[in-house]
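A.B. asks: here is my input; please provide its structure:
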Amino acid sequence: MPWSMRFDYDVTIDAVHASFTDCVLSTAADVTRWEREVSLRLSTFSRRVDLIIDMSGLLVRPAVSALFGKARSRVLGTYAIHSFRYGADRATSISVLTSAAIHGVDANVCETRADAVAALLASRRDAQR
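C.D. replies: The predicted structure follows:
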């Protein structure tokens, strides 16, 4: 089944909401495709952005978790200021948390979109202090 992704700018919170549908990363080629497509979409914003990421449609298989972590680190380092995510299954959450520790990038796994938005806004307030 083909996968799809959406990247919508939310003016009310000045952040990009990313979502995935049927995006299963099982092979190195899948991870390469994911990184290429996400990078292409995020490059259209012409600046680094804050991200709210719905991970309910993204599944990272354990066999490519390390590759995904490296790709995720490159994408976030290039295009994101902050990133907060929600909706991940257990295996994908573990992959995100592991890659965050290894590569020093945001993990910020929340339960719901509302929690992710609240965490982003709190992070911005803390940065202003």
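A.B. asks: which strands or helices does the lowest-mean-pLDDT helix or strand in the chain pack on?
C.D. replies: In the chain, the helix or strand scored least confidently by mean pLDDT, DSSP states H and E is helix 90-103, which has a mean of 73. Helices and strands touching helix 90-103, by 3 or more Cβ pairs under 8 Å, 6 or more residues apart in numbering; DSSP states H and E, are strand 58-60, helix 65-79, strand 109-110. No exception for glycine: its C-beta is placed from N, CA and C like everyone else's.
A.B. asks: closest one to E35 among these?
C.D. replies: E35 sits nearest to helix 65-79 of all the helices and strands packed on helix 90-103, at 4.0 Å, using Cβ to Cβ.
A.B. asks: residues making contact with that closest one?
C.D. replies: Residues from elsewhere that reach helix 65-79, judged by Cβ atoms under 8 Å, 6 or more residues apart in numbering: 25, 28, 31-32, 34-35, 38-39, 42-43, 45, 48-49, 51, 60, 83, 91, 94-96, 98-99, 102-106.
A.B. asks: list only buried entries from these.
C.D. replies: Using 16 or more other Cβ atoms under 10 Å as the burial test, the contacts of helix 65-79 include 25, 31, 34-35, 38, 42, 49, 51, 60, 83, 95-96, 99, 105-106 as buried.
A.B. asks: just name the closest of those residues to V11, please.
C.D. replies: V49 (12.0 Å).
A.B. asks: model confidence for that closest one, exactly?
C.D. replies: Model confidence at V49, given as pLDDT, is 97.
A.B. asks: mind listing what it touches?
C.D. replies: Counting by Cβ under 8 Å, 6+ apart, V49 has contacts 9, 15-16, 42, 79-81.
A.B. asks: list the contacts of stretch 24-32.
C.D. replies: 3, 34, 58-61, 63-64, 67-68, 71.
A.B. asks: most neighbours among the contacts of V49, which one?
C.D. replies: Highest neighbour count within these, by other Cβ atoms under 10 Å: A15, with 24 neighbours.
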